[in-house]
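*Asks:* Fold the following.
(one chain, ligands or ions: 1)
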Amino acid sequence: MIREVKDNTLYFDGCSTVELAKKYGTPLYVFSETAIHREFEELNATFVSKYPNTRVAYASKAFCTVAMYRLCQANNACIDVVSGGELYTAMQAGYPAEKIEFNGNNKQPEEIAMALDYGIGRFIVDGLQELTLLEAMCAERGKTANVLFRITPGVKSDSHDYIVTGKKDSKFGIPLDDDVIYPQVKQAIDAAHINFMGFHFHVGSQLFDNGSHLQALDIMLNVVKTVKERFHYDVTELNLGGGFGAVYTTEDRKPYAYFLDPMMERIEAFFKEMGINRPNVVIEPGRSIAAEAGLSLYTVGNIKEIRDVRKYVAVDGGMGDNIRPALYQAVYDGVLANKADVPKDDVATICGKCCESGDILIRDLAMAPAESGDLLAIFSTGAYGYSMASNYNRNRIPAVVFVKEGNDRLVVKRQSYEDILRNEIF
Ligand SMILES: Cc1ncc(COP(=O)(O)O)c(C=O)c1O
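*Replies:* Down below sits the predicted model:
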């Protein structure tokens, strides 16, 4: 049990959350190493070991620190980065360059230069402009880049509009119009400094239905077939993106196999019929690895009861450390961690301390009656929480602590006020 209650106190991976709050202060991000390892173990057992020539590239936008990259490396995973900052973090973690894959819809020349100089494994290219730039930068360096094209499959998946990426009207990927995609593929095949490997899609995030992955896959395989027919070219790699849903409140999480088995079945059958070797297959899960492995701890401050309207329980963090509820109405569950056995007889709205009315972390949470000084734990905050944190209102970004079987270690210090002023010239 990663989460358990003992003596009225919430424990996380064997650590008392009350003791963690005393030791490190609040707000605090806490990650269970055991939970992260379990995700990789499931992926290894049901995908990487089951199907030859497959791999997992953790989408590190979900949660990126040196310590997290070290856990990925311990699990023999590749990583997907989308910026110079993530790449730099991976380099500082000593991540093997060939295990790094670079996504992003507007990679900057200096980011591409960093990636080429480090010698990363794959560029997931988002269009012709990027291909042309990459080819020129490779030529200057006498290098060859391994390239996949991110396609826009034009499928709609069932998630919030801000985290749906595969529909036709999207800033991500190359549209599949005949006169757009195929000339670009031809250019990539012919380019002297590009090793064109294949295609990539990512349909969206927080998905519980495999329908849009399967639709996108069929569309991708059709492109593969056309490339074979027109250019006599066999692709060597396919990347199916991430998007596998995590549990925030009461969602019915699906095992990875629910998404991956039917996709692998179609891929195997398709290439058998084509009479060519099945390419490598890569997936890029982020949220499903990090979300449930994290929780956030806050201290309760002011409590405001607005008669006949609602009760607000304010905590010492908010949208600066977790923007998801304000950004796309994400829903969370939580508990008073120091009163974990007390019946949830009250209902309150958990708000942050930022100067925005939208700074609400949880609406109408059933909880034990709160008092100032209580400790609130919000569950499943491991993905897109710390990685999207900001200094809005000049609040400091909280510390990150890893816990494992009763032991804790600080992996990111809480920002200081000096850190906030670090780049100011005065
Ligand atoms: C290209 C790409 N791959 C992978 C992911 C990870 O998605 P998720 O965290 O839902 O698994 C994203 C998320 O935005 C993405 O854009």
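
*Asks:* Need the phi and psi values for the closest residue to Pro369 other than its chain neighbours.
*Replies:* Excluding its sequence neighbours, the residue lying closest to Pro369 (Cβ to Cβ, 6 or more residues apart in numbering) is Asp346, at 4.5 Å. Where C-beta positions appear, they are placed from N, C-alpha and C, glycine not excepted. Backbone torsions for Asp346, taken as degrees, to the nearest 10, come to phi -110, psi 160.

*Asks:* residues touching Asp346, list them.
*Replies:* Contact analysis of Asp346 by Cβ atoms under 8 Å, 6 or more residues apart in numbering lists Lys311, Ala366, Met367, Ala368, Pro369, Ala370.

*Asks:* Roughly how far does the nearest residue to the fourth one once chain neighbours are set aside sit from Val5?
*Replies:* This means Ala368. Leaving aside its chain neighbours, Ala368 sits nearest to Val342 (3.7 Å; criterion: Cβ to Cβ, 6+ apart). Plainly put, Val342 is 10 Å away from Val5 if you go by Cβ to Cβ, to the nearest Å.

*Asks:* what does Ala59 give?
*Replies:* Taken as Cβ to Cβ, the span from Ala59 to Val5 is 32 Å.

*Asks:* With Ala67 instead?
*Replies:* Look at Ala67 and Val5: by Cβ to Cβ, they are 27 Å apart.

*Asks:* just Asn407 next, same as before
*Replies:* In this structure, Asn407 and Val5 are 20 Å apart, going by Cβ to Cβ.

*Asks:* Tell me, how many residues neighbour Glu405?
*Replies:* Other residues within reach of Glu405, judged by other Cβ atoms under 10 Å, total 10.

*Asks:* Quick check: residues of the stretch 101-250 of the chain near the ligand?
*Replies:* Asn103, Thr165, His202, Ser205, Gly241, Gly242, Gly243, Phe244 (Cβ under 6 Å from any ligand atom).

*Asks:* Among the residues you listed, which pair sits farthest apart?
*Replies:* Asn103 and Phe244 (16.7 Å; Cβ to Cβ).

*Asks:* In the stretch 251-400 of the chain, which residue sits closest to the ligand?
*Replies:* Gly286 (2.9 Å; Cβ to the nearest ligand atom).

*Asks:* ok, now the stretch 101-250 of the chain?
*Replies:* Sorted by distance to the ligand under Cβ to the nearest ligand atom, the residues of the stretch 101-250 of the chain start with Gly242, at 2.6 Å.

*Asks:* From the structure, what's the count of residues near that residue?
*Replies:* The burial count for Gly242: 25, using other Cβ under 10 Å.

*Asks:* give the contact list for it.
*Replies:* Ala59, His202, Ser205, Ile283, Glu284, Pro285, Gly286, Arg287, Ser288.

*Asks:* need the longest strand for the chain.
*Replies:* Longest strand in the chain, counting residues (DSSP state E): strand 294-306.

*Asks:* Does stretch 29-46 reach the ligand?
*Replies:* No. Shown here: stretch 29-46 not in contact with the ligand (Cβ under 6 Å from any ligand atom), separated by at least 10.9 Å.

*Asks:* So what's the residue count around Phe208?
*Replies:* That count, for Phe208 with other Cβ under 10 Å as the rule, works out to 17.

*Asks:* try Glu265
*Replies:* Glu265: 10 neighbours (other Cβ under 10 Å).

*Asks:* need the helices for the stretch 301-426 of the chain, in chain order.
*Replies:* 324-328, 417-421 (DSSP state H, counting those that start in this stretch).

*Asks:* Looking at this protein, which helix is longest?
*Replies:* helix 211-231 (DSSP state H).

*Asks:* roughly how far is that helix from the heart of the chain?
*Replies:* 25 Å (Cα atoms, centre = their mean, to the nearest Å).

*Asks:* hmm, who's touching that helix?
*Replies:* 151, 153-158, 166, 176, 181-182, 185-186, 189, 198-199, 201, 203-204, 207, 233-235, 238, 240-241, 243, 259, 262-263, 266-267, 270, 274, 276.

*Asks:* In the sheet, which strands lie alongside the helix or strand just after it, parallel or antiparallel?
*Replies:* Note on helix 211-231: by DSSP states H and E, the next helix or strand toward the C-terminus is strand 237-239. Strand 237-239 sits in its sheet next to strand 194-200 (parallel), strand 280-283 (parallel), going by DSSP bridges.

*Asks:* could I get those as JSON lines with mean neighbour count?
*Replies:* Output for the strands paired with strand 237-239, formatted as JSON lines (neighbours: other Cβ atoms under 10 Å):
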{"stretch": "strand 194-200", "mean neighbour count": "23"}
{"stretch": "strand 280-283", "mean neighbour count": "22"}
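
*Asks:* Redo the ones you listed as JSON lines? Include mean pLDDT.
*Replies:* Converted to JSON lines, the strands paired with strand 237-239 look like this (pLDDT from 0 to 100):
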{"stretch": "strand 194-200", "mean pLDDT": "98"}
{"stretch": "strand 280-283", "mean pLDDT": "98"}
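
*Asks:* Take those strands and lay them out in a markdown table including distance to Met1.
*Replies:* Output for those, formatted as a markdown table (distance: least, Cβ to Cβ, whole Å):
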| stretch | distance to Met1 |
| --- | --- |
| strand 194-200 | 37 |
| strand 280-283 | 28 |
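
*Asks:* mind checking which of these is nearest Tyr95?
*Replies:* strand 280-283 (16.2 Å).
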